[in-house]
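Chemist: missing the sequence, but the structure's below:
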């Protein structure tokens, strides 16, 4: 057999042995009562495909698929490493903070290089064609995990995470030309009996610049409609029972209280929410991950 052909077959065999492709997805379907009006059903499917070869991977995300429409890839990007450097490039979203105040940003054609220097994680990124680079830095200080995004910008986003004495806290801070936004969450698990505990989380937000608050599906649900110079205060408690996980939420937003009760059992979540002076909403939600 031709030696070149043998070499080609060997190369292909070697590549196939270390390359892999995985596909995962998340499906969400929500049936909602017609209060007022007719009942409705909405669905959403996110698919993630990752092809990897060694320490390099290419990711394709197809998001918000509802059926009956053209399937497009919302995000496509590559991640790889060289010595102590990590590279990421393509069309993808960035996330400010841990998700208390902001959801993921818009898909942008961009690239970034990250490394670690003296225990600090550094990332330098740039939107394609934009001459202005951004610098993110993360480090541990006295047991606090501190992450600063867009360090050199006046409206840098700061996140501080701490865990002590069984409590976990997260603080997000951003000062813009309009005002300062601060969000704080604190969580703990309280044991009731052996094998049974209640997970409790408290949330507080002080909002001066509403443009910096975009989270519409966070721990308290949608806070993107919070008004200027307002505060949001709330609590979430979850308890495992023989029927499933029971979750209760109560929070004050825009000077109106909202109460939410949910029962999660398997792929199903049944819930009811009620905001002051607004009709209550009852839902049945299906969540399937694969």
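Modeler: Received, thanks. Treat the numbers as computed from the prediction; the structure is a model and nothing was measured. Residues are numbered from 1 along each chain as shown.

Chemist: From here on, just use CA atoms for contacts and neighbour counts.
Modeler: OK.

Chemist: State the number of residues packed around residue 173.
Modeler: Residue 173 has 20 neighbours, counted by other CA atoms under 10 Å.

Chemist: what are the bridge partners for it, then?
Modeler: residue 158, residue 182 (DSSP bridges).

Chemist: can you give me the helices in the chain?
Modeler: Remark: helices assigned in the chain by DSSP state H are 3-18.

Chemist: any weak-confidence spans in it?
Modeler: Within the chain, the ranges that satisfy pLDDT under 70 run 1-18.

Chemist: So which residue is dead centre in it?
Modeler: residue 99 (5.7 Å; CA atoms, centre = their mean).

Chemist: ok, it - contacts?
Modeler: 215, 218 (CA atoms under 8 Å, 6 or more residues apart in numbering).

Chemist: Could you do residue 50 as well?
Modeler: The contact partners of residue 50, by CA under 8 Å, 6+ apart, come to 21, 22, 23, 57, 58, 59, 60.

Chemist: Drop the exposed ones from the residues you listed and show what's left.
Modeler: 57, 58, 59, 60 (16 or more other CA atoms under 10 Å).

Chemist: how close does the third one sit to residue 87?
Modeler: What it means is residue 59. For residue 59, the distance to residue 87 equals 13 Å [CA to CA, to the nearest Å].

Chemist: what do these two both touch?
Modeler: Joint contacts of residue 59 and residue 87 (CA under 8 Å, 6+ apart) are residue 78.

Chemist: Now for the residue lying closest to residue 234 once chain neighbours are set aside, how many residues are close by?
Modeler: Residue nearest to residue 234 in three dimensions, not counting chain neighbours: residue 251, with 3.7 Å by CA to CA, 6 or more residues apart in numbering. When neighbours are defined as other CA under 10 Å, residue 251 has 20 of them.

Chemist: Tell me how far residue 251 lies from residue 169.
Modeler: According to CA to CA, residue 251 stands 18 Å off from residue 169.

Chemist: do the same with residue 219
Modeler: Applying CA to CA, the value for residue 219 to residue 169 is 14 Å.
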